[in-house]
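Enquirer: With the sequence up front, the predicted model follows.
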Amino acid sequence: MPQTITRMATLNDSPRYVAAAGTLRELQANESRLKLEISKVEARLNEDKTVVSREYAVKALLAGNDNYHVSGKSELNSQLMRLREKAAVVRAAIVEQQKIVNDERTTASQAVCEGIRPEYGELLRRMAISLLAANVAALKVTDIRNELDSKDVSIASLPLLTFDGIGISSRDSCSGLAYMVREALRIGALTRDDIPAELRKDWNVL
């Protein structure tokens, strides 16, 4: 049965990261609104009916159409320029805020990893020890089969399990298991005493 893992912290457990990410989302939402406004103004500039005559505007106002809005091309162009300037400022703020979010993510991630490190390290050690034990058993199986074969005993009736990298091929110092062992030693998941004495030389473990 898989072992239940302790509840891990998340990035959302960091108030600084949550605040930074929230600010970024607000800036991005503001940018989206500005882009929409810009597209609407650009669309109005591209429509022939956007700029109407002053006479039509006066008639509309006299008719009581208080919501009637007239904007000449020059006014629309000025409005478009202002929106684009705002969008540029927001875009620059987003770039800077993304840097802040990345920094806070790194810091928060380190805290999350430190919290789970003891359990994680123990799992790595158990995995490495299990692989070593499996390899010892595989080598013993090979020895038995070789000994029986040397005595002219047919071993056809004996079943055999093989796994890539486990068994006789693991004696090579460039094998996957040898690499794993050296890496496990480097990170502290294994000690020299964990490694079978007969394999230390093969794997260049001093």
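Expert: Sure thing, it's come through.

Enquirer: burial measure for residue 185, as a count.
Expert: Residue 185 has 17 neighbouring residues, counting by other C-beta atoms under 10 Å. For glycine as for every other residue, the C-beta is placed from the backbone atoms N, C-alpha and C.

Enquirer: Mind telling me what element it is part of?
Expert: Here residue 185, judged by DSSP states H and E, is contained in helix 176-187.

Enquirer: Tell me the pLDDT of the nearest residue to residue 128 once chain neighbours are set aside.
Expert: Excluding its sequence neighbours, the residue lying closest to residue 128 (C-beta to C-beta, 6 or more residues apart in numbering) is residue 184, at 4.4 Å. If you check residue 184, the pLDDT there is 94.

Enquirer: same deal with residue 195?
Expert: 92.

Enquirer: So, low pLDDT: which residues of the protein?
Expert: Across the chain, the ranges flagged by pLDDT under 70 are 1-7, 48-72.

Enquirer: where do the helices sit along it?
Expert: Applying DSSP state H to the chain gives helices spanning 15-46, 54-62, 73-150, 176-187, 197-200.

Enquirer: quick one: which of those is nearest residue 158?
Expert: helix 73-150 (6.8 Å; C-beta to C-beta).

Enquirer: helices or strands up against that closest one?
Expert: Using 3 or more C-beta pairs under 8 Å, 6 or more residues apart in numbering; DSSP states H and E, the elements in contact with helix 73-150 are helix 15-46, helix 176-187.

Enquirer: Burial-wise, tell me which of the ones you listed comes out on top.
Expert: Of all those, helix 176-187 carries the top mean neighbour count, a mean of 17, counting by mean count of other C-beta atoms under 10 Å.
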